[in-house]
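Student: Pasted the sequence and its predicted model underneath.
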Protein chains: 2
Amino acid sequence: MKKIAILGSTGSIGQSTLSIIEKFPDRFAVASLAAGRNLEAAFAQCQRRRPRLVSMATEELADALAARLKQAGITGIEIVYGTSGTVKVATLPEVGFVVSAIVGVAGLEATYAAVNAGKPVGLANKEAMVAAGEILTATARAKNVPLLPIDSEHNAIHQCMRAGERREVKRIWLTASGGPFRNLPLTEFENITVEQALKHPTWVMGRRITIDSATMLNKGLEIIEACRLFDLPPSAVKVTIHPQSTVHSLVEYIDGSILAQISVTDMRLPILYAMSYPERVESDLTFDMAALGHLDFEPPDFARFPCLRLAYEAAERGGAHAIALNAADEIAVEAFLERTIAFSAIPRTIEKVLQETPEIHPATIQQVLELDAQAREIARTVLAAGREIAGVPRT
Amino acid sequence: MKKIAILGSTGSIGQSTLSIIEKFPDRFAVASLAAGRNLEAAFAQCQRRRPRLVSMATEELADALAARLKQAGITGIEIVYGTSGTVKVATLPEVGFVVSAIVGVAGLEATYAAVNAGKPVGLANKEAMVAAGEILTATARAKNVPLLPIDSEHNAIHQCMRAGERREVKRIWLTASGGPFRNLPLTEFENITVEQALKHPTWVMGRRITIDSATMLNKGLEIIEACRLFDLPPSAVKVTIHPQSTVHSLVEYIDGSILAQISVTDMRLPILYAMSYPERVESDLTFDMAALGHLDFEPPDFARFPCLRLAYEAAERGGAHAIALNAADEIAVEAFLERTIAFSAIPRTIEKVLQETPEIHPATIQQVLELDAQAREIARTVLAAGREIAGVPRT
């Protein structure tokens, strides 16, 4: 029986993880949950899953959850809060696998703590890998624990890499749907509205990641994540536009063979893969080969998606620049969603922030968090500086 | 240095193998060749590759080759002939890998001898696997030697199977181009000419295999080969029509993940893979991902391709029926190429022969050869019986 800690249990990945655990009661059990700010969802999860430990974002939320549980007559659940609470969730002695799914760098300290405590980690939190990939992979290597990607693309790469040795990999190909603006005339990018950008053609996801798919900054973060996870130079991480999102990614070997992974677009599959690795577990997440039909592939358009170019630059420079790419994007996407900047201002903001970012390679998580805070500050300053970068928001 | 024996050195696979050996002189060397009936090609190969041993089909050809070599002042090459000669080529003590590429059951005895002598074998001779798959795989298991498929589809399966354990494979999908008659109206099948059937859309191959691609009997043989090679029931071996021949085959795992292999349509790639397995060797056989474009997949039409149904039946019954499928097809294809029967008579002949085949599971290669001879005899009788099966040949 593998006992699972979920960092971000009330989010989409967290809920999918819980549904997998429920489906395989002989294999997996819930140990601990970091539930964040959603009190109702946290309460419902406690009621149904009976974890030993739950962490909430703040002391007030922890108190409120305790009161609700007491009222419902539910006992035996320890409640903690804040970063130290999330770390406790991730490092509980009986935990055998940690699903790291707290969006943004918030999950970083707990993810690091899990790896440092020798826990195998399933990574859905790509920002952790972008911001602190060097530190996380070095620690994982030292502790000899696997980092298993849950992002569908990296999960596909992980699977395809089993068909050869690491030194036999020539390059990898991340597939990208191309988002909703793959065929939009370039001149109309300045006029993209929040509503248009939130319509993703194939995946249903959170708001930031949906915008990041529209700008392809999300693919940019995945490029950096792939460099860190698989120890590849940015030049060996390519992107191919594949609108059907059927092939999740590909690995090209030195002999000329390319391995590709295909499956339903359902995050439960990479979650199950990561949780049961190195085994595969029978599931009903069957892909209908009769419906395979037509698959299209085309090279990405770097003029249309400047975020891709910026991501390669940040990947090359690494350290503070990878952190700044993610941080600046988060600030810019927030501003776009609040309708204070134009869609095209997102890459403009990132580019400006990258220019103002010093060449630093952090050695500790604390340093990572400081560089992240600095990058956000720079991004806010850049956006406050006026219309030249912010553009005219469309409503 | 791996010393290679090539059974069928003057054929297409043999020549590709020689070009691979030439490209990697630090890894591979020619040890011995079974060159068959092509005296000129055999002489040229002796001149250029200097094998230690060469086998020709007959004593006269062996004498003729000896005379040519003497005339040219080439010494140190032993020349043998016939089945015993081919066996000697396959079992030479210094041979570290045998490429089995003699078309038809002719290569069977030598392939068996190689496996029995503990030599790893690269199998391009699919008929050997169809006719004597149970015996060959049992012997390979007992001797703990790998049987590495060189057929592009089975080679793809072999690669995709590395991403999991054998027990985790749910089913496999062999891709098929669908041949030149994928979209031909069913009513016109009776009128197909030899010239039409010899035009294969993607691969350039020998005459029989090209006709077998047009009837899809080739895919049928591959179904049986896959059952034997990968120890799968026929129900777990599926076919998907993929006209571009870019994806060479796919493996579906129990968790829902499907792994696919993509590469250039060049037999040198699976040959290199088999010869260097478990390593991968850097080659210039690079697939251009920018040209990936559109990939189509559709279910096969069993009404259009009765050979597929017949192959599944033969796969289920195994033994003599698998042998008869191959033998009857070879006779029928010869007759079609000689313009004595119609294209549609090929499956009609096979069906009739299968009906007349007894339920026998051979235990020795000798028995396999006898059953093969019997099946050919039945096929000739069936074809001689008249127009009902033979149809009207088109010229």
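Tutor: Perfect, thanks for sending it. Remember, predicted model here, so these are calculated numbers, not experimental data.
Student: and residue A:239, helix, strand or coil?
Tutor: Of the three states, residue A:239 takes strand under DSSP: H, G, I helix; E, B strand; the rest coil.
Student: Now do the strands in chain A.
Tutor: Ranges of strands within chain A are A:2-7, A:28-36, A:53-56, A:78-81, A:97-100, A:121-123, A:147-149, A:169-176, A:237-241, A:247-253, A:258-262, A:294-296, based on DSSP state E.
Student: Relative to residue B:206, which of the ones you listed is closest?
Tutor: Smallest distance to residue B:206 across these (C-beta to C-beta): 27.0 Å, for strand A:258-262. Bear in mind the C-beta positions are built from the backbone N, C-alpha and C, glycine included.
Student: anything in that closest one near chain B?
Tutor: Yes. Using C-beta under 8 Å from any C-beta of the partner chain, strand A:258-262 reaches chain B at A:258, A:259, A:260, A:261, A:262.
Student: Check the gap between the fourth one and residue B:95 for me.
Tutor: It refers to residue A:261. Look at residue A:261 and residue B:95: by C-beta to C-beta, to the nearest Å, they are 37 Å apart.
Student: Of these two, which one has the most company?
Tutor: residue A:261 (29 against 22; other C-beta atoms under 10 Å in any protein chain shown).
Student: give the contact list for residue A:390.
Tutor: Neighbouring residues of residue A:390 by C-beta atoms under 8 Å, 6 or more residues apart in numbering or on different chains: A:335, A:340, A:341, A:342, A:345, A:349, A:383.
Student: most neighbours, which of these?
Tutor: residue A:349 leads the contacts of residue A:390 on contacts (other C-beta under 10 Å) with 26 neighbours.
Student: The residue nearest to that one when sequence neighbours are not counted: how many residues sit nearby?
Tutor: Using C-beta to C-beta, 6 or more residues apart in numbering or on different chains and skipping the chain neighbours, the partner closest in space to residue A:349 is residue A:332 (4.1 Å). For residue A:332, the neighbour count with other C-beta under 10 Å is 30.
Student: got a pLDDT number for residue A:332?
Tutor: Looking at residue A:332, its pLDDT is 97.
Student: And it, how close does it get to residue A:192?
Tutor: Residue A:332 is 13 Å from residue A:192, by C-beta to C-beta.
Student: Pull up the overlap in contacts between these two.
Tutor: Contacts common to residue A:332 and residue A:192, judged by C-beta under 8 Å, 6+ apart, are absent.
Student: just to revisit the earlier point, take the residues of strand A:258-262 next to chain B and lay them out in JSON lines including pLDDT.
Tutor: Shown next, in JSON lines, are those (pLDDT from 0 to 100):
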{"residue": "A:258", "pLDDT": "98"}
{"residue": "A:259", "pLDDT": "98"}
{"residue": "A:260", "pLDDT": "98"}
{"residue": "A:261", "pLDDT": "98"}
{"residue": "A:262", "pLDDT": "98"}
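Student: Which one of those residues is nearest to residue A:79?
Tutor: Nearest to residue A:79, judged by C-beta to C-beta, of these is residue A:261 at 39.5 Å.
Student: how many neighbours does the closest residue to that closest one other than its chain neighbours have?
Tutor: Among residues not flanking residue A:261 along the chain, residue A:156 sits closest, at 3.6 Å (C-beta to C-beta, 6+ apart). If you count neighbours by other C-beta under 10 Å, residue A:156 ends up with 30.
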